[in-house]
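>>> Following is a predicted model, sequence given first.
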Amino acid sequence: MIIVILCNAFAAAAGLALFALAIWVAVDGYKLYPISGVSGKDDIFAGAWIAIFTGFAYFCTCIFGIYAARKQRRSLMLAYLIIMFIIFIFECASCITAATNRDYVSRLLLLLSCLQVECCGTDSPLDWVEYNSTFRQLYGTTYPWPLNCCKRLSSFEVADSQGCIIGQTSTMFTQGCFTHIESVLSRYTWAVSWYGFSVQMFVFFMLLIAMVYFTQLG
Amino acid sequence: MLSMLFILGGFIPLIYADFSATVLTMDDGVITGRFSDSVLLSLPPCDQYAGKSVDLEYLNVNTNQTTTLNSIFTVANCSSGINTVGSTAISRNIGYQLKNLSNGTQYRIHYQIGSNKSAPTMATTRSVPDFGNDLSLPARSGAMVVITVILSLAMFFLLICLILSTVMSSA
């Protein structure tokens, strides 16, 4: 019984941490959602939202589990086991969703430059010139790349639009967005997917111990 | 004797080619000199040709069609460096942008200043392929497979144990 109670206490803390971590990802401090949302590949955030639910549910159910173990009632323990199993399934979905998002990120998504980060294109501004894109179809070849790629003054106006159109390196952001976005995406994926997975492994062994305790209660 | 004449004759075009029109690169301070419908070319040396009017001739290698552009610009003095005003590459003294080209085509380009002809340069405009699905990350990572397999097995095992423990405790 002591082991079950201790494990549940630890799992409750881990669940609460998962809840907080998932909120951090969902809040999206790195502003990844505008980019990933446009391409439709925003599963990392879907995984985060599920993890918000499961993290808090783990916390509540583990407290219930401490109560059930203390009361030594079979019906309570059975209810606890079934609820934990259901939450386990949901958390599996969260981990898998978050992990798969990483692989389905395409370079098309990364072609979008963003204002917050001073970058242009996936690897470099050349991506805008080398490949066909909606931007090219809309604006033709007058602008080789969006003006988001141009350096700006503190007033957010483009510093030198003509130089940017010609391609003068002194007037543009020449680094690609891929490195930045990839690192942010990896950070979110590690949070939701891998921490969630480690919580799952702990809960798995904890549930096995709880089941042994449950059979002993009979 | 004849072979000597042939060899000397082969050098004749090079006698006039004391400069060349090269396609600009990152080293020249631009992102690229090759676009899909234009190329950025370097300017003739200002120490020899300042103030002279420049013609340009280019040959489309595919169609074998030659186009000549007369008096496209005047070579600036060496004292005027690259400036930050002006709406074109030539007005900024960066280079000359040869426009109205076809994409994915090879061109043979040379300047003509009076009787001086630059060494020809080959330039290919960019072809613009569509983004295909094959431009995603080339391989799936193992993380996806590991997480799915392990969690699925854990879930299945838990289910079996839950059923067994229920049966055993009720028996």
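Perfect, thanks for sending it. A quick note: this is a predicted structure, and the numbers were derived from the prediction, not measured. Residues are numbered from 1 along each chain as shown, chains lettered A, B, ... in the order given.

>>> Quick check on the closest residue to B:Asn70 other than its chain neighbours: phi, psi?
The shortest distance from B:Asn70 to any residue other than its chain neighbours is 5.0 Å, reached at B:Asp55 (C-beta to C-beta, 6 or more residues apart in numbering or on different chains). Bear in mind the C-beta positions are built from the backbone N, C-alpha and C, glycine included. Dihedral angles of B:Asp55 (phi, psi; degrees, to the nearest 10) stand at phi -110, psi 160.

>>> same question, the one 4 residues further on
Geometry field for B:Leu59 lists phi and psi as phi -120, psi 130, criterion degrees, to the nearest 10.

>>> Please give me every residue in contact with the residue lying closest to it once chain neighbours are set aside.
Closest residue to B:Leu59 apart from its sequence neighbours, by C-beta to C-beta, 6+ apart: B:Arg108 at 4.4 Å. B:Arg108 is in contact with B:58-59, B:61, B:120-122, counting by C-beta atoms under 8 Å, 6 or more residues apart in numbering or on different chains.

>>> List only buried entries from those residues.
Among these, those classed as buried by 16 or more other C-beta atoms under 10 Å in any protein chain shown are B:58-59, B:120-121.

>>> Give the pairing partners of the strand or helix carrying B:Ile109; include direction for each.
Following DSSP states H and E, the helix or strand that holds B:Ile109 is strand B:106-113. Its sheet considered, strand B:106-113 pairs with strand B:53-60 (antiparallel), strand B:116-117 (antiparallel), strand B:121-124 (antiparallel) by DSSP bridges.

>>> Show me what stretch B:92-103 is in contact with.
The contact list for stretch B:92-103 (C-beta under 8 Å, 6+ apart) reads A:162-163, A:166, A:168, B:24, B:28-30, B:33, B:36-43, B:54, B:56, B:58, B:60, B:72-73, B:76, B:80-86, B:88-90, B:107, B:109, B:125-128.

>>> Quick one: end-to-end distance for that stretch.
25 Å (C-alpha to C-alpha, to the nearest Å).

>>> Pull out the buried positions in it.
Neighbour-count burial for stretch B:92-103 [16+ other C-beta under 10 Å]: B:92-98, B:101.

>>> hang on, the earlier thing: now intersect the contacts of stretch B:92-103 with the helices, please.
A:162-163, A:166 (DSSP state H).

>>> Filter those to keep only those in contact with chain B.
Subset of the ones in helices among the contacts of stretch B:92-103 in contact with chain B: A:162-163, A:166, counting by C-beta under 8 Å from any C-beta of the partner chain.

>>> Please spell out the ChimeraX selection for the buried subset of the residues you listed.
Here the buried members of these are turned into a ChimeraX selection, burial being counted by 16+ other C-beta under 10 Å:
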select /A:162,163,166
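
>>> circling back: okay, among the buried ones among the contacts of B:Arg108, which ones form the most distant pair?
Largest separation among these by C-beta to C-beta: B:Leu59 and B:Thr121, giving 11.3 Å.

>>> Identify the contacts common to those two.
B:108-109.

>>> pLDDT weak spots in chain A?
A:29-42, A:102-117, A:218 (pLDDT under 70).

>>> In it, what residue spans correspond to helices?
A:2-27, A:33-39, A:43-71, A:74-103, A:107-110, A:126-130, A:134-139, A:161-166, A:178-189, A:196-217.

>>> got the buried residues for the longest one?
Translated: helix A:74-103. Buried, per 16+ other C-beta under 10 Å, within helix A:74-103: A:74, A:76-78, A:80-81, A:83-85, A:87-88, A:91-103.

>>> wait, B:Ser36 sits on A:Thr141?
Yes: proximity of B:Ser36 to A:Thr141 meets the contact threshold set by C-beta atoms under 8 Å, at 6.3 Å.

>>> between these two, which one's more packed in?
Under the neighbour definition other C-beta atoms under 10 Å in any protein chain shown, B:Ser36 and A:Thr141 were set side by side, and B:Ser36 has more, 19 against 14.
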